[in-house]
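Q: coords please:
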Amino acid sequence: MRTRAVAAVLGLLAASCAVAIGPAHAASSVNAASSVYEAEDATIFHGTVDTDHLGFTGTGFVNTANEVGAYVEFTVDSPTAGDATLALRYANGTTAGRQADVSVDGTVVSTPAFAPTTDWNTWSVSRLPVTLRAGTNLIRVTGTTTGGLPDLDSLTVADLLGTQWSDALVDSTMHRYTPATVGGWSYPVALYMMGQYQLAQHTTDPARRAALIAYIKAWADRFVDASGHIANSFTSLDSMMPGQVMIALYRETGQTKYGLAAKQIHDRLLPGAGYPTTPDGGFWHATSADRADQLWSDGTFMADPFMAQYGRYIGDSTQSFDIATKQLVVYASHLQQPNGLLKHAYDASKSASWADPATGLAPEYWCRAVGWYGIAATEILDLIPADHPRRAQLISIVRDLVRGMAAYQDPASGRWFQVVDKGADPGNWTETSCSAMFTQTIDTAIKRGYVPADTYQPVVDAGERGELARISLHDDGLTYLTSTSVGTNVGDYAYYVDRPQATNDFHGLGAFLYFYEETHP
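A: Predicted structure coming up:
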């Protein structure tokens, strides 16, 4: 379980039920973002407070009798009525689910299955959406099988802003997919894995952290053999982005094979290795004929942070930092416009069907492409030395980019449009993944001192509200993130606005995790 600040306990309510043990928990404000209620302080019917397993919080956990009807009841006080998330931390060391009824003020609102957790020392979280009334709410968890309840450790009650959405999103994704079924070697899946890795880095519970890393490792081990070889020819920048996962695992495990796997990609981009470039040294988006001479804003994220991470965490730092920063500068020299935004793509040969015959530029500012550049640039600035010769130039690029992003934010939703500068045009819509990226880019720029907080913090605040409005918790206990553009090539306005809007697309899941872990550290 991830630990973050919670609301203070305001007082104790005495238990009044003669057949129960333990006092009811102190009432805490639901609207104070989030509040934790320890199960041992709740009203317990047919159960004991035990301490014979590892990993519990507070002073113990509740072990109910193996019977139908045993329950734990929490008293929650909410100053106003509204929607909330219940997060029940539990352990179930059996091989079968332990279903229960969850009721609010006597009405059953959910029947979670409380799936097995490997053993009794491993804790998981079941999340449920509820509506609370103003004042006192009684939240009861009642066993409905002869096995009784799982061991219950705590209840966290949170409003929209207080819900730990990255934890919920990751738990939902790991529930939906195993490492074997989550997807192959691709940048959208790797983006998600790197988002999960950021969550793991911020997680203080060792068991939880280990489980998050183990999932990532199991996925990566499908592609890298014992000698550190990946069976991929790496003919596109997109194919190189999963190298970030190899660097992350090298940092975590110290295993040579992950460092060698990263080196395979790193060496592919070295001068003289044969990866093609434009005359001024920009990496082609891919080596195929239909991508010849083309620089896509997307490509900066696919290759450049990897190179900077390699320099920071593995070696060859001078050359790796030089390659990463040079690419950002070369791409911006062609793609960044006076309004601060970057066109989706540039064709040095000016022969692509979408290329302006005079400038070689694509016609539109596609939002996720702009977002990719922002995430890449701010991350690389964090990785390179303070005295790097291109630092000042990159900060200037980021400042212009933030100015452009802020200028085109949708005032109604706080998000950004699929075609960034044409929000009023027919068919345009606010897109989830780029809105996460834009918000994160501006937030990072403020925190690092690149742009003034008094000018841009309202943009971040609105962006955060808009992004969080796109994620929800359903009755199945899983998160749903909506309105993410599926994978997209270079095209015209009609092409972009007609792209399908997917739910739980990995572009959106990964971007959300990056955004949330930056804005909610």
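Q: Could you pull up the contacting residues of Leu86?
A: Val102, Arg127, Leu128, Pro129, Val130, Ile139, Leu155, Thr156, Val157 (C-beta atoms under 8 Å, 6 or more residues apart in numbering). From N, CA and C alone the C-beta is placed, and that goes for glycine too.
Q: now Trp219
A: Pro179, Val182, Val189, Met193, Val245 are the contacts of Trp219 under C-beta under 8 Å, 6+ apart.
Q: cool, Pro116 as well?
A: Counting by C-beta under 8 Å, 6+ apart, Pro116 makes contact with Asn92, Gly93, Thr94, Thr95, Ala96, Gly97.
Q: now swap in Ala134 and tell me
A: Under the criterion of C-beta under 8 Å, 6+ apart, the neighbours of Ala134 are Ser78, Pro79, Thr80, Ala81.
Q: And the helices in this protein, which stretches?
A: With DSSP state H, the ranges of helices along the chain come out as 165-176, 187-201, 206-220, 243-253, 256-268, 297-313, 317-335, 367-383, 391-407, 432-447, 453-468, 493-497, 506-519.
Q: Indicate which one of these is closest to Tyr480.
A: The closest of these to Tyr480 is helix 165-176. By C-beta to C-beta, the value is 8.2 Å.
Q: how about that closest one: buried residues?
A: The neighbour-count check on helix 165-176 (16 or more other C-beta atoms under 10 Å) flags Trp165, Ser166, Asp167, Ala168, Leu169, Val170, Asp171, Ser172, Thr173 as buried.
Q: what does stretch 508-521 give?
A: For stretch 508-521, burial by neighbour count (16+ other C-beta under 10 Å) applies to Gly508, Leu509, Gly510, Ala511, Phe512, Leu513, Tyr514, Phe515, Tyr516, Glu517, Glu518, Thr519.
Q: just stretch 85-96 next, same as before
A: Thr85, Leu86, Ala87, Leu88, Arg89, Tyr90, Ala91, Asn92.
Q: Surely the first one and Trp165 touch.
A: No - the pair Thr85 / Trp165 is not scored as a contact, 9.0 Å apart, by C-beta atoms under 8 Å.
Q: Would you check which pair of the contacts of Pro116 lies furthest apart?
A: Across these, the longest distance by C-beta to C-beta is 12.3 Å; it joins Gly93 and Gly97.
Q: coming back round to it: would you list the contacts of Pro116 in JSON lines and tack on distance to Arg251 and pLDDT?
A: Formatted as JSON lines, those follow (distance: C-beta to C-beta, whole Å; pLDDT from 0 to 100):
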{"residue": "Asn92", "distance to Arg251": "32", "pLDDT": "96"}
{"residue": "Gly93", "distance to Arg251": "32", "pLDDT": "96"}
{"residue": "Thr94", "distance to Arg251": "36", "pLDDT": "95"}
{"residue": "Thr95", "distance to Arg251": "35", "pLDDT": "94"}
{"residue": "Ala96", "distance to Arg251": "38", "pLDDT": "93"}
{"residue": "Gly97", "distance to Arg251": "36", "pLDDT": "93"}
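Q: Make a markdown table out of those residues and add distance to Ser110.
A: Output for the contacts of Pro116, formatted as a markdown table (distance: C-beta to C-beta, whole Å):
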| residue | distance to Ser110 |
| --- | --- |
| Asn92 | 17 |
| Gly93 | 23 |
| Thr94 | 21 |
| Thr95 | 23 |
| Ala96 | 19 |
| Gly97 | 14 |
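Q: And those residues, which is closest to Tyr37?
A: The shortest approach to Tyr37 among the contacts of Pro116 belongs to Asn92, at 19.8 Å (C-beta to C-beta).
Q: so the closest one sits right up against Asp119, yeah?
A: No - at 9.2 Å, Asn92 does not count as touching Asp119 under the criterion of C-beta under 8 Å.
Q: when you check the buried residues of stretch 85-96 against the strands, which ones overlap?
A: The members of the buried residues of stretch 85-96 that map onto strands under DSSP state E are Thr85, Leu86, Ala87, Leu88, Arg89, Tyr90, Ala91.
Q: For these, which two are the farthest from each other?
A: Thr85 and Ala91, at 20.2 Å, using C-beta to C-beta across those.
Q: Any stretches of the stretch 101-250 of the chain with poor pLDDT?
A: Counting by pLDDT under 70, the stretch 101-250 of the chain has low-confidence residues at 160-161.
Q: Please name the nearest non-neighbouring residue to Ala207.
A: In this structure, Ala207 finds its nearest non-sequential neighbour in Gly55, 5.8 Å apart by C-beta to C-beta, 6 or more residues apart in numbering.
Q: Just the pLDDT for that neighbour.
A: Gly55 is assigned 92 on the pLDDT scale.
Q: before we move on, the earlier item: show me which of the contacts of Leu86 is closest to Asn428.
A: Nearest to Asn428 among the contacts of Leu86: Pro129, at 30.4 Å, using C-beta to C-beta.
Q: rewinding a little: for Asp50, find the nearest of the helices of the chain.
A: helix 206-220 (18.1 Å).
Q: Measure how the closest one sits relative to helix 243-253, angle-wise.
A: Relative orientation of helix 206-220 versus helix 243-253 (axes from the mean of the first three to the mean of the last three C-alpha atoms, to 10 degrees): 140 degrees.
Q: Send me helix 206-220 as PDB with only the CA atoms.
A: Written as PDB, here are the backbone C-alpha positions of helix 206-220 (Å, rounded to 0.1, in the frame of the first residue of the first chain):
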ATOM      1  CA  PRO A 206       8.500  -3.100   0.300                       C
ATOM      2  CA  ALA A 207       6.100  -5.900  -0.500                       C
ATOM      3  CA  ARG A 208       4.000  -3.700  -2.700                       C
ATOM      4  CA  ARG A 209       7.000  -2.200  -4.400                       C
ATOM      5  CA  ALA A 210       8.400  -5.700  -5.100                       C
ATOM      6  CA  ALA A 211       5.100  -6.900  -6.700                       C
ATOM      7  CA  LEU A 212       5.100  -3.900  -9.000                       C
ATOM      8  CA  ILE A 213       8.700  -4.500 -10.100                       C
ATOM      9  CA  ALA A 214       8.100  -8.200 -10.500                       C
ATOM     10  CA  TYR A 215       5.200  -7.600 -12.900                       C
ATOM     11  CA  ILE A 216       7.400  -5.300 -15.100                       C
ATOM     12  CA  LYS A 217      10.300  -7.800 -14.900                       C
ATOM     13  CA  ALA A 218       8.100 -10.700 -16.000                       C
ATOM     14  CA  TRP A 219       7.000  -8.700 -19.000                       C
ATOM     15  CA  ALA A 220      10.500  -7.700 -20.000                       C
END
